[in-house]
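**Student:** Please work out how this folds:
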Amino acid sequence: MVYEVIEYRAADGIGVLTLNRPEVMNALNTRMRAEILDAVRHAPEDARVLVITGAGRAFCSGQDLGDGANVADIDLERTLRDEYEPMLRAIFDCPIPTIAAVNGPAAGAGANLALAADVVIASEAAIFLQAFTRIGLIPDAGGTYWLPRQVGFARAMGAALFAEPVPARQAADWGMIWEAVPEDGFATHWRTRATQLAQGPTVAYAKLKQAIRQSYANDLEGQLSLEASLQGACGATRDFKEGVVAFLEKRRPRFEGR
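**Tutor:** Take a look at the predicted model:
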């Protein structure tokens, strides 16, 4: 696919997907959702970590309400089922670690796009806004799934009902995101984090993601059984052997991702 409204580049094991409609604060339209889906699906072919970020001053302002002749004619259910769900599932199920590098405001579906990633690193210039009730809607794009799991019932309900912006530092304090860092040096910081993951044990990361995702549906017995199975697979990798040897030799391991 030729990308028109995103950019995707991979180097040194890091794939960077940039939402690139800065003139509308990277609002999501049909074309952008299709391009994100394609890029995420292909990222594991040439990268060991995927970073999603935004061009310009915003991360993503959510659904492009100007994407169509008449807003009232938008079939929201179809759009969510056919366009958002595949995109969000691709991010959620991506076998390599995913980082949302939130460089500025993330609103509506844009906020929940960020929360679909494994790790959210935000500039202190960023805010997270569940803007849906401002236009008579409920949070979608996974918002009603991720928010209560990350911040608890009371905060999720308040953020959704009042539709008030949550600053990045507050989002980090709540546990909504991994960390908020100063705007100055933000790009350098997330690249350092991405490099750390790109040089890590790729198979272990994939199994770790699987274990944590499935823990919400398992009881203790089921989760212990899953851990044993996944750990057995990790123990058969070259990375595990390299990790042990590096530990004994008191040096940094050189993981190959297999």
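
**Student:** pLDDT weak spots in this protein?
**Tutor:** Scanning the chain for pLDDT under 70 picks out 67-73.

**Student:** Domain boundaries for it, per the record?
**Tutor:** Using automatic domain parsing, the domains assigned to the chain come out as 6-198, 202-248.

**Student:** what about the last one, distance to the chain center?
**Tutor:** So that's domain 202-248. For domain 202-248, the distance from its own C-alpha centre to the chain's C-alpha centre is 21 Å (Cα atoms, centre = their mean, to the nearest Å).

**Student:** Now the terminal residues of that domain, how far apart.
**Tutor:** 21 Å (Cα to Cα, to the nearest Å).

**Student:** repeat for stretch 20-33
**Tutor:** Per Cα to Cα, stretch 20-33 runs 12 Å from first to last residue.

**Student:** Now do the strands for this structure: every range, in order, please.
**Tutor:** 6-11, 14-19, 49-54, 98-102, 106-107, 119-123, 127-129, 166-167, 179-181 (DSSP state E).

**Student:** closest one to K250 among those strands?
**Tutor:** Among those, strand 49-54 comes nearest to K250, with 26.3 Å by Cβ to Cβ. From N, CA and C alone the C-beta is placed, and that goes for glycine too.

**Student:** Show me what the closest one pairs with in its sheet, parallel or antiparallel.
**Tutor:** Using DSSP bridges, strand 49-54 pairs in its sheet with strand 14-19 (parallel), strand 98-102 (parallel).

**Student:** what's the angle between the shortest one and strand 119-123?
**Tutor:** Per axes from the mean of the first three to the mean of the last three Cα atoms, to 10 degrees, the angle that strand 98-102 makes with strand 119-123 is 20 degrees.

**Student:** where exactly do the helices run in the stretch 1-150 of the chain?
**Tutor:** Assigned by DSSP state H, counting those that start in this stretch, the helices in the stretch 1-150 of the chain fall at 30-42, 76-79, 85-93, 109-115, 143-151.

**Student:** Perfect, I'm done here.
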